[in-house]
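Enquirer: I'd like to go over a predicted model; first the sequence, then the structure.
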Amino acid sequence: MSEAHDILFEKRGTAGIVTLNRPKALNAITHGMVRGLAAQLSAWAKDDTVTRVIVTANGERAFSAGGDIRALYDLITAGRQQQALSFFREEYTLNTAIKRYPKPYVSLIDGIVMGGGVGISIHGSHRVAGERYAFAMPEVGIGFFPDVGATYALPRLAGEIGTYLALTGERVRAADAVLAGAATHHVKSHRFAALKDALCGRDPVNAILAEFMETVGPGDVMPMRRVIDRAFSRDTVAAVLEALDREARAGAGHSEWAAQTARTMRTRSPTSLTLALAQMRYGRSHSFEACMAAEFRIVSRIVYGSDMAEGVRAVIVDKDNAPRWSPGDLASVADNVVEQHFAPLPGQELDLSST
């Protein structure tokens, strides 16, 4: 299939409809898709006949499982880091355009939504979760970091849920996503087609969604909110792990959850964990634009490191799930690693002034 067919655009009634169309690749976002979506959104923003944008995806498994990590891995391992950074620069600019979009931007998410898929949905005005919805930012497991605006979005979820998601890469389903704020509405999967048709009419978006939305149950993660807030409010990754270990030893009803969460974190890249926690703290008090600029500074250093290539090798290429991180433990992470990755990029900063 040609790249032109990877993302489809149509006008129907009052709506501009975007369809991600790489179902066999779980609708992973390519550079061409980023460029195509950015150009189309710009055109529809100026088109008075388009009053809302609907983003959907073909295939039942995934809305979008992220960016095309394998393509980025190939660039990085070939020494073409600057070409990889061109992708990130354009992707982050697109994320910002979605955040600033002047019309309702409705993502219909029924399946996996991770990484780059989160970036083209979570910053829009409406995020509708179907029954197959599964949200995750699993980047610390491949030696990367939660990007595409996660620095801003995750700290704004309920309590420390965003920090928990950033440091573990765990998935949450529709109920938790709505309760925590990652999704705005829950709609039954079999009603998505009718919802899309209704959104192409003239009725206000909020009124249509109110008609289709379902109430959600308590979720699986939100009942753990108290222990999550207690453990993930710490200022260092080591302190978070110590808090989880204490919860595990306490023998209360959440002890096994705490033990498993700590085990999961200890398999992640120590450098990525350190950066992700710093992002969560930075994002609390900085603007969206400042967060995106910080992410571009971080990625501009990460592509020249070893952990991302090693993590993608272990998880996606060789699939041995045995990454050899460097450094291999938290104690060996340099004291100035956050300062190094967040440092300005003279002459190469992300410019969002014309977005």
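Expert: Everything's here; your move.
Enquirer: what ranges do the strands span in the protein?
Expert: Taking DSSP state E, the strands of the chain run over residues 7-12, 15-20, 52-57, 62-64, 105-109, 112-114, 126-129, 134-136, 185-186.
Enquirer: what's the most buried one of the ones you listed?
Expert: Most buried of those, by mean neighbour count (mean count of other CB atoms under 10 Å): strand 62-64, with a mean of 28. C-beta here means a position set from N, CA and C on the backbone, and glycine is covered the same way.
Enquirer: separation between Ala193 and Val205?
Expert: For Ala193, the distance to Val205 equals 17 Å [CB to CB, to the nearest Å].
Enquirer: which one's more surrounded, these two?
Expert: Val205 (20 against 11; other CB atoms under 10 Å).
Enquirer: quick check: the more buried one touching Val106?
Expert: Yes: in this structure Val205 lies within contact range of Val106 using CB atoms under 8 Å: 6.2 Å.
Enquirer: name the residues contacting each of these two.
Expert: Common contacts of Val205 and Val106, defined by CB atoms under 8 Å, 6 or more residues apart in numbering, comprise Arg52, Ser125, His126, Leu199.
Enquirer: mind putting the strands of the chain in JSON lines, mean pLDDT and distance to Gln340 included?
Expert: Below are the strands of the chain laid out as JSON lines (pLDDT from 0 to 100; distance: least, CB to CB, whole Å):
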{"stretch": "strand 7-12", "mean pLDDT": "98", "distance to Gln340": "36"}
{"stretch": "strand 15-20", "mean pLDDT": "98", "distance to Gln340": "35"}
{"stretch": "strand 52-57", "mean pLDDT": "98", "distance to Gln340": "36"}
{"stretch": "strand 62-64", "mean pLDDT": "98", "distance to Gln340": "31"}
{"stretch": "strand 105-109", "mean pLDDT": "98", "distance to Gln340": "35"}
{"stretch": "strand 112-114", "mean pLDDT": "98", "distance to Gln340": "27"}
{"stretch": "strand 126-129", "mean pLDDT": "98", "distance to Gln340": "34"}
{"stretch": "strand 134-136", "mean pLDDT": "98", "distance to Gln340": "27"}
{"stretch": "strand 185-186", "mean pLDDT": "98", "distance to Gln340": "41"}
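Enquirer: please name whichever of the ones you listed is nearest to Pro346.
Expert: Nearest to Pro346, of all these, is strand 112-114, at 32.8 Å by CB to CB.
Enquirer: how far does the closest one sit from the chain's center?
Expert: Distance, stretch centre to chain centre, for strand 112-114: 8 Å (CA atoms, centre = their mean, to the nearest Å).
Enquirer: what's the closest non-adjacent residue to Met292?
Expert: Computed as CB to CB, 6 or more residues apart in numbering, the closest residue to Met292 that is not its neighbour in sequence is Tyr92, at 5.1 Å.
Enquirer: what about the one you found, how many neighbours?
Expert: As a burial measure, Tyr92 scores 24 neighbours (other CB under 10 Å).
Enquirer: and if you look at Lys24?
Expert: Applying other CB under 10 Å, I find that Lys24 has 10 neighbouring residues.
Enquirer: phi, psi of the closest residue to it other than its chain neighbours?
Expert: Closest residue to Lys24 apart from its sequence neighbours, by CB to CB, 6+ apart: Gly59 at 7.7 Å. For Gly59, the backbone dihedrals (degrees, to the nearest 10) come out as phi 90, psi 150.
Enquirer: alright, I will stop here.
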